[in-house]
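Trainee: A predicted structure for the sequence below; I have some questions about it.
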Amino acid sequence: MATVVEEYIVKVSELSFSYSENLILNKLSFSVRQGQAFIILGPSGIGKTTILNILGGLTTQYDGDLIVPQPDEIRMVFQEPRLFPWLSVRQNLDFALRASNVSKYDWNDRIEPLLKLVGLDEDLDSSVAELSYGMAQRVALIRALCCRPKLLLLDEPFSALDPRRRASLNKELKQLQLFLNTSIVMVTHDIEEAIYLGDSILVLDQDRAVKIQASSENEDVLRQKLKDLLL
């Protein structure tokens, strides 16, 4: 695994992965530019989370070539918040910054602008155990982003929310990503989520992988193209 030294933050070439003799990924190749929101779209069981686990270093047995940032420059947010429930919001964020060796003098500057973007600046001292799922996922996002990662991996973090709340969190995620110019790789099975967030979309099916430059497509044309690829 090498370090990216150019405009691409991620380069994947001929990536293959098998589990119990079942081929999950077969010679998959793609790249992610600096500051890009790259969405991997596909049905359940197609290998989306496996790709994130490989990019994040959680899965190390695979074939192919992979170029990503250093492990301490990558953060991941999962389908559940994975916060410390016995700590407050502030303590959860402080813990992440301390673990990342960020000077304590910089903690407020790292945290406060992000909290204001998602409307949590009044909840710093709230107990995480008392937060709703959506609020807890907001904190999980801030915990990852306050460390200023070069690459943020998102494993369907809003999948348990109803459409209205999911749309709200996707809007906030987009604001955060643009504010920090963070590169994102996110997996989803939701076409509307992919259209709203994605600069590029990689559509995975059983027999093929198709990359679409979403930012250059008409939204209605893009929506139909994605439906045709998945259905």
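Mentor: Looks like it came in fine. Here the structure is a predicted model, which means the values were calculated and not measured.
Trainee: mind saving the C-alpha coords of stretch 130-137 as PDB?
Mentor: Presented in PDB, the C-alpha positions along stretch 130-137 are these (Å, rounded to 0.1, in the frame of the first residue of the first chain):
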ATOM      1  CA  GLU A 130     -29.500  11.100  25.400                       C
ATOM      2  CA  LEU A 131     -29.100  11.900  21.700                       C
ATOM      3  CA  SER A 132     -31.400  10.700  19.000                       C
ATOM      4  CA  TYR A 133     -29.900   8.400  16.300                       C
ATOM      5  CA  GLY A 134     -29.700  11.300  13.800                       C
ATOM      6  CA  MET A 135     -28.000  13.600  16.300                       C
ATOM      7  CA  ALA A 136     -25.500  10.900  17.300                       C
ATOM      8  CA  GLN A 137     -24.600  10.400  13.600                       C
END
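Trainee: show me the strands in the protein, by range?
Mentor: 8-19, 22-33, 37-41, 63-67, 74-77, 151-155, 183-188, 200-204, 209-212 (DSSP state E).
Trainee: contacting residues around the residue lying closest to Thr60 once chain neighbours are set aside?
Mentor: Using C-beta to C-beta, 6 or more residues apart in numbering and skipping residues adjacent in sequence, the residue nearest Thr60 is Ile54, 8.0 Å away. Quick note: C-beta positions are derived from backbone N, CA and C, even for glycine. Ile54 makes contact with Leu15, Phe17, Thr60, Tyr62, Leu66, according to C-beta atoms under 8 Å, 6 or more residues apart in numbering.
Trainee: same deal with Met76?
Mentor: Residues counted as contacts of Met76 (C-beta under 8 Å, 6+ apart) are Leu52, Gly56, Leu58, Ala144, Leu152, Leu153, Leu154, Asp155.
Trainee: isn't the second one right next to Asp155, touching?
Mentor: Which is Gly56. No - when contacts are counted by C-beta atoms under 8 Å, Gly56 is not listed as touching Asp155 (9.3 Å).
Trainee: neighbour count for these two, which is higher?
Mentor: Set Gly56 next to Asp155 and count neighbours by other C-beta atoms under 10 Å: Asp155 wins out with 20 against 17.
Trainee: quick one: the more buried one and Asp94, what's the gap?
Mentor: Computed as C-beta to C-beta, to the nearest Å, the Asp155 to Asp94 distance reads 24 Å.
Trainee: quick check on the contacts of Met76: which are buried?
Mentor: Leu52, Gly56, Ala144, Leu152, Leu153, Leu154, Asp155 (16 or more other C-beta atoms under 10 Å).
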